[in-house]
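Student: Just to be clear, the model below is a prediction. Sequence and coordinates:
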Amino acid sequence: MIPIKTPEQIERLRVAGRITALARKAAADAVHPGASTEDVDRAVRRTIEAHGAKPSFLGYGGFPASACVSINDEVIHGIPSPKRIIREGDIVKVDVGAYIGGMHGDCACTVPCGAVSEEAERLIAVTRQSFFEGIRFAREGFRISDISHAVQAYCEANGFSVVRDFVGHGVGEDLHESPEVPNFGRPGHGIRLQRGMVLAIEPMVNVGTYSVRVLPDGWTVKTRDGKLSAHYENTVAITDGEPEILTAIDGEVL
């Protein structure tokens, strides 16, 4: 069953979403040459707790940190470590969530560390824009796969591939709710969108093959061919008009 949120629940999701967006910004600001992925995680946890919320990811399914921090060919779910040092030219994916008032926010971005390659810059830009291509269809009456197809079509038109093994999802009282929101597929399929649905839409985009593998730590996902990957995500509410990005700071989206 797909939860339909009330206006009061949407308001609580706005609060959670804003804190999550602040944590994403803190994570992005913490990325610099010589920083560790644990430094980024600490910045996320400090920000979330300073606003009276709890890190959604900490302890979720046994995950040991407050943020997922993934570098270069790591797609998602990288475990922060004091030994993992971020270097000039790396691209760093940060995925964060905050829980407050009985609701979760969920968002992610990919941050360049200093000067990065032209290919990496383009990958980051295309991944972010593919989210905005997708949410053009995050409206009442469209179907889930209309979002999915728009993301896939934009990425593939730019020469990249979209990950198949991991997808977006509903979000609210639980961090992961129905429905799944793939980043690929034919348009016109799946459930019809209704106001009150809240979705975490999150393109995961690779330079090479879309095939990925999970490392022995049981969390970190890497591209199978070792090429770069980028990730971008926001929590989005379906309304009676334009979709509302809930993971924003005073209307601005990172």
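Tutor: Looks like it came in fine.
Student: now the helices for this protein?
Tutor: In the chain, the helices defined using DSSP state H lie at 7-30, 37-50, 118-135, 144-157.
Student: ok, so what distance separates S36 from S211?
Tutor: S36 is 29 Å from S211, where distance means C-beta to C-beta, to the nearest Å. (C-beta placed from N, C-alpha, C; glycine too.)
Student: Now that we're looking at G251, what pLDDT does it have?
Tutor: Listed pLDDT for G251 reads 86.
Student: cool, A98 as well?
Tutor: With respect to pLDDT, A98 scores 98.
Student: how many other residues sit next to it?
Tutor: The tally of other residues near A98 (other C-beta atoms under 10 Å) stands at 32.
Student: A26 is in contact with that one, correct?
Tutor: No: when contacts are counted by C-beta atoms under 8 Å, A98 is not listed as touching A26 (11.2 Å).
Student: possible to save the helices of the chain as TSV with distance to S56, mean neighbour count and mean pLDDT?
Tutor: Shown next, in TSV, are those (distance: least, C-beta to C-beta, whole Å; neighbours: other C-beta atoms under 10 Å; pLDDT from 0 to 100):
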stretch	distance to S56	mean neighbour count	mean pLDDT
helix 7-30	8	22	98
helix 37-50	8	22	98
helix 118-135	20	20	98
helix 144-157	23	22	98
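Student: So which of these is nearest G78?
Tutor: Evaluated over those, closeness to G78 peaks at helix 37-50, with 6.7 Å, by C-beta to C-beta.
Student: Could you work out the end-to-end span of stretch 72-90 for me?
Tutor: 6 Å (C-alpha to C-alpha, to the nearest Å).
Student: please renumber so the chain begins at 34
Tutor: Yep, numbering from 34; the last one is stretch 105-123 now.
Student: Buried residues of that stretch, list them for me.
Tutor: The neighbour-count check on stretch 105-123 (16 or more other C-beta atoms under 10 Å) flags N105, D106, E107, V108, I109, H110, G111, I112, P113, R117, I119, D123 as buried.
Student: Contacts only, for the second one.
Tutor: Pointing back at D106 there. Neighbour list for D106: K255, T256, G259, K260, L261, S262 [criterion: C-beta atoms under 8 Å, 6 or more residues apart in numbering].
Student: And for the third one?
Tutor: Under the criterion of C-beta under 8 Å, 6+ apart, the contact list for E107 reads K126, T253, V254, K255, S262.
Student: Which strand residues bridge it?
Tutor: Beta-bridge partners for E107, by DSSP bridges, are K255.
Student: quick one: A60 and V127 touch, right?
Tutor: Yes: counting by C-beta under 8 Å, A60 touches V127, with 4.0 Å between them.
Student: list the residues that contact both of the two?
Tutor: V73, V77, A100, V102, V144.
Student: Can you give me the neighbour number for the last one?
Tutor: It refers to V144. 23.
Student: how much space between the residue lying closest to A61 once chain neighbours are set aside and S181?
Tutor: The shortest distance from A61 to any non-neighbouring residue, by C-beta to C-beta, 6 or more residues apart in numbering, is to V144 (4.7 Å). Look at V144 and S181: by C-beta to C-beta, they are 25 Å apart.
Student: One more: D273?
Tutor: Going from D273 to S181 by C-beta to C-beta gives 22 Å.
Student: who are the neighbours in contact with T268?
Tutor: 46, 50, 53, 138-140, 204, 231-233, 278-280.
Student: Just the pLDDT for it.
Tutor: pLDDT at T268 comes out at 98.
Student: With the one 5 residues further on instead?
Tutor: On the pLDDT scale, D273 is placed at 95.
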